[in-house]
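> let's see this in three dimensions:
(one chain, ligands or ions: 1)
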Amino acid sequence: MTTTPAAAAAAAGAPGGPVRSLGSTGPAVFPLGLGCMGMSALYGEADRGESLATIHAALDAGVTLLDTGDFYGMGHNELLISEALRTAPAAARERALTSVKFGALRTVEGGFTGYDGRPEAVRNFLAYSLQRLGRDHIDIYRIARVDPAVPIEETVGAIAEAVEAGHVRHIGLSEVGADTLRRAAAVAPIADLQIEYSLISRGIEREILPTARELGIGVTAYGVLSRGLLSGHFTRDRELAPGDFRGMSPRFQGENLDRNLALVEALRTVADGKGVSVAQTAIAWVLSRGGDIVPLVGARRRDRLAEALGAMEVVLSAADLAAVEEAVPAGAAAGERYPAAQMAHLDSER
Ligand SMILES: NC(=O)c1ccc[n+]([C@@H]2O[C@H](COP(=O)([O-])OP(=O)(O)OC[C@H]3O[C@@H](n4cnc5c(N)ncnc54)[C@H](OP(=O)(O)O)[C@@H]3O)[C@@H](O)[C@H]2O)c1
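Residues are numbered from 1 along each chain as shown. Predicted coordinates for the structure are as follows:
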């Protein structure tokens, strides 16, 4: 955590560079991953050239894990990553690890109609993803949400077959609860659970995180800035594009937004006191939760990426951690982390 981005860049891929392991069976990765979703979906228009430059800058800085979903822009995000990797220096391309979510069923209009975790669907999704990514394997493959009609054992069993065949290296899970973690881990080794975790989304601490630790499963934490809410850059008067997730997210509505932004201002006081930014403090807090947790940062621009990487320089002392948690107490967020219809898909919230 004391490594500077410059030192990280110098050490990129070199033995002794900063790493965290994804569970007891997963790959070693740079301590921050890049979540590429916002470059294709959910946060309004993204600039393609800047997206590619951001992926390249992340790889240059030593980032190894690139997270995507085949449904992010319905293939757009995988094609973007494919282009970024094709045009990156060979050494960076070889170090890069792809983490892909699948299973979401979409409509032409962009709607989500459910999830398909049947083994034949897994094989179909995988074939398309490999083609779009232009790679002969995916490093970590996971269903985005559990398909309630298909036992998790069958979905994970199908990914395990793809591991056997060499098309996938590791199996991951996304937004599942402790029981599902145990059932999946009984079928095959699980590298990591991808799940929302931030100062204002601490639900995993009670049962899910201890279970993952017991089973030797790592955590890739998403939403560490709570979709930008905790970044210190989000303002009350920000205009959101049609289809922006935040336009529907309970935490960004009316009074909830006011209350949540008040928490951000309290956090800003702590961040200012340390001479770092709000986003860096929020990311550093997640990094401080354990060496088995790898935050995915959703930077879409190089300036945001540079800010996020700076979190690795932030050392939070016991007094700092107490101040951060006093500013943003556990459970203080106003509003759920997803709209009700999407909460219903979360095995992790049962
Ligand atoms: N498994 C799942 O269910 C799931 C769900 C959601 C996401 N994910 C994965 O997790 C990744 C991260 O999630 P997320 O994008 O929601 O999380 P996030 O990092 O909490 O939020 C990203 C948002 O924060 C804003 N931001 C402001 N300052 C930033 C900074 N310094 N660094 C990074 N972002 C900054 C971005 O800004 P601008 O608007 O200014 O660009 C963007 O809108 C996704 O890309 C995706 O790969 C997984």
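
> and the most centrally placed residue in the chain, what does it touch?
With distances taken as Cα atoms, centre = their mean, the residue of the chain nearest its centroid is residue 222 (3.3 Å). Counting by Cβ atoms under 8 Å, 6 or more residues apart in numbering, residue 222 touches 35, 67, 194, 195, 196, 197, 296, 298. C-beta coordinates here come from the backbone N, C-alpha and C atoms, glycine included.

> could you pull up the mean pLDDT of whichever helix or strand residue 127 is part of?
Using DSSP states H and E, the element containing residue 127 is helix 119-133. Helix 119-133 comes out with an average pLDDT of 98.

> name the helices or strands packed onto whatever helix or strand comes next after that helix?
Following helix 119-133 in sequence order, the next helix or strand is strand 138-143 (DSSP H and E). Applying 3 or more Cβ pairs under 8 Å, 6 or more residues apart in numbering; DSSP states H and E, we find strand 138-143 packed against strand 97-102, helix 119-133, helix 152-165, strand 168-174.

> partner strands of strand 138-143, with direction?
If you go by DSSP bridges, strand 138-143 pairs up with strand 97-102 (parallel), strand 168-174 (parallel).

> and residue 343, how many residues sit next to it?
Counted with other Cβ atoms under 10 Å, residues neighbouring residue 343 total 13.

> let me know the pLDDT of it.
For residue 343, the predicted pLDDT is 96.

> I'd like the distance between it and residue 119.
From residue 343 across to residue 119, the span is 27 Å (Cβ to Cβ, to the nearest Å).

> pull up the gap between residue 89 and residue 56, please.
Noted for residue 89: a distance of 9 Å to residue 56, by Cβ to Cβ.

> these two - which one has more neighbours?
Set side by side, residue 89 and residue 56 show more neighbours around residue 56, with 17 against 11, by other Cβ under 10 Å.

> contact residues of the stretch 251-350 of the chain facing the ligand?
The stretch 251-350 of the chain has residues 279, 296, 297, 298, 299, 300, 301, 304, 307, 308 near the ligand, with proximity defined as Cβ under 6 Å from any ligand atom.

> residue of the stretch 251-350 of the chain closest to the ligand, please.
The minimum distance from the stretch 251-350 of the chain to the ligand, using Cβ to the nearest ligand atom, falls at residue 298 (2.1 Å).

> quick one: residues contacting that residue.
By Cβ under 8 Å, 6+ apart, the neighbours of residue 298 are 35, 37, 38, 43, 222, 223, 225, 227, 228.

> from those, list the ones also adjacent to the ligand.
Near the ligand, by the rule Cβ under 6 Å from any ligand atom, you find 35, 37, 38, 43, 222, 223, 225, 227, 228 out of the contacts of residue 298.

> pLDDT-wise, what's the bottom of those residues?
In terms of pLDDT, residue 43 ranks lowest among these, with 91.

> surely that residue is in a strand?
No - Residue 43 is assigned coil when assessed by DSSP: H, G, I helix; E, B strand; the rest coil, not a strand.

> hang on, the earlier thing: nearest to residue 249, of the contacts of residue 222?
Comparing these against residue 249 with Cβ to Cβ places residue 196 closest, at 11.6 Å.
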